[in-house]
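# below are the sequence and a predicted model; questions follow.
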Amino acid sequence: MTITLLAGRARAEDVAPLVPAMDPPKAAEMVTRFHEALAGGLKAGGLSVMSPAVVRAKLGVPAEQAGCFEGPCLNVAVAAVGDRRLVTAKISTVGKNYQIEVRLYRGTKMLGKAGGRCDICTLAEALKATGSAATDIGSKAEEPPTTAVASSTATAKTAGPAAVKPETTSATSATSGSVEQPAMTETTQPPSATPATSERAWPLWPALVAAGVGVVGLSAGVPLLALDGDYTNCQGPPRADGRNCADLYATAAPGWVLTGMGIAGLAASGVLFYLHFSSKGTSQEQAAGLSHISLMPSARGMMAGVGGRF
């Protein structure tokens, strides 16, 4: 059997670009330039376009009066240019700002539209923006390709009907015995979530420094408080009334300052130790923590202790 395939693109009917509607109205020369830009954009989009001059001649009115965008003027245009698709445009200007809208019609039924803007631009840039909007309409309205198939007469001896193999999206590989093997389908596994390893948010060294300051402050401040008011520079054996002593210790002020600094340092270290050991990343690390902070007064001072598991 001999089969002849004839493939090609059916020629789309001519599209008639109507004269753009200008708001506010413009001179005939400017209207004509926008009309030409509209037709050029449609051609760039792949449409077969009726000449703008022919369209204006068929409408039979001056260019500045022939603008049509929507409404009853479409019926007038259909009667003038025939039963074909129409493209209309509206160019609104405010100073040097241009607002552009292009529409595609079948008779009075709108099939699609496209728009564009050109802010603070020249006339050439506005014409280019009009052509771009028309190109957008043209590319969307282009006719799809059609294929015609003609078959000649078959020979006297024809083969049986050939099995039509449907298209599949999976790839196949042929072996030496012409047996098709299904292709392996590759599946993409989502990346496994990596467990986040948290680190200590609070370092240990500030707690150690605060504890050291607290111990030093109490070790120096408590003895100074204990010495305050005692006799000094005594002659001979001590007497209860201190008459044989020349001076007294006056260490209350520095003693209270150092003692307060020590208490504040130990309190701060306790908080910092707690924050450090409670912010560990693993459960094994969280098992270790600060057990206690102890203060033990002595006869001439105070002893501080810090206990915990490390």
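Alright, I've got the coordinates.

# low pLDDT regions in the stretch 101-250 of the chain?
142-201 (pLDDT under 70).

# please enumerate the helices of it.
123-141, 205-227 (DSSP state H, counting those that start in this stretch).

# would you mark the buried spots in the first one?
Neighbour counts over helix 123-141 (16 or more other C-beta atoms under 10 Å) mark 126-138, 141 as buried. C-betas here are computed from N, CA, C, even on glycine.

# is it possible to get TSV of the helices of the stretch 101-250 of the chain that adds distance to Ala80?
Formatted as TSV, those follow (distance: least, C-beta to C-beta, whole Å):
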stretch	distance to Ala80
helix 123-141	20
helix 205-227	90
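
# quick one, which of those gets closest to Asp83.
For Asp83, the closest of the helices of the stretch 101-250 of the chain is helix 123-141, at 16.1 Å, according to C-beta to C-beta.

# who does the closest one touch, helix- and strand-wise?
helix 28-44, strand 85-94, strand 97-106, strand 109-118 (3 or more C-beta pairs under 8 Å, 6 or more residues apart in numbering; DSSP states H and E).

# what about 6 Å?
helix 28-44, strand 97-106, strand 109-118 (3 or more C-beta pairs under 6 Å, 6 or more residues apart in numbering; DSSP states H and E).

# which of the residues in the longest one are buried?
Using 16+ other C-beta under 10 Å as the test for burial, helix 28-44 gives 30-44.

# list just the nearest of those to Leu59.
Nearest to Leu59 among the buried residues of helix 28-44, with distances taken as C-beta to C-beta, is His35, at 10.9 Å.

# any idea how far the closest one lies from Ser51?
The gap separating His35 from Ser51 is 10 Å, by C-beta to C-beta, to the nearest Å.

# put together TSV for the buried residues of helix 123-141, with distance to Asp119 on each row.
Below are these laid out as TSV (distance: C-beta to C-beta, whole Å):
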residue	distance to Asp119
Ala126	10
Leu127	15
Lys128	13
Ala129	10
Thr130	14
Gly131	17
Ser132	14
Ala133	15
Ala134	19
Thr135	20
Asp136	19
Ile137	22
Gly138	24
Ala141	27
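
# let me know the closest of those residues to Trp256.
Ala129 (83.1 Å).

# name the nearest residue to Leu275, ignoring sequence neighbours.
Leaving aside its chain neighbours, Leu275 sits nearest to Trp202 (4.2 Å; criterion: C-beta to C-beta, 6 or more residues apart in numbering).
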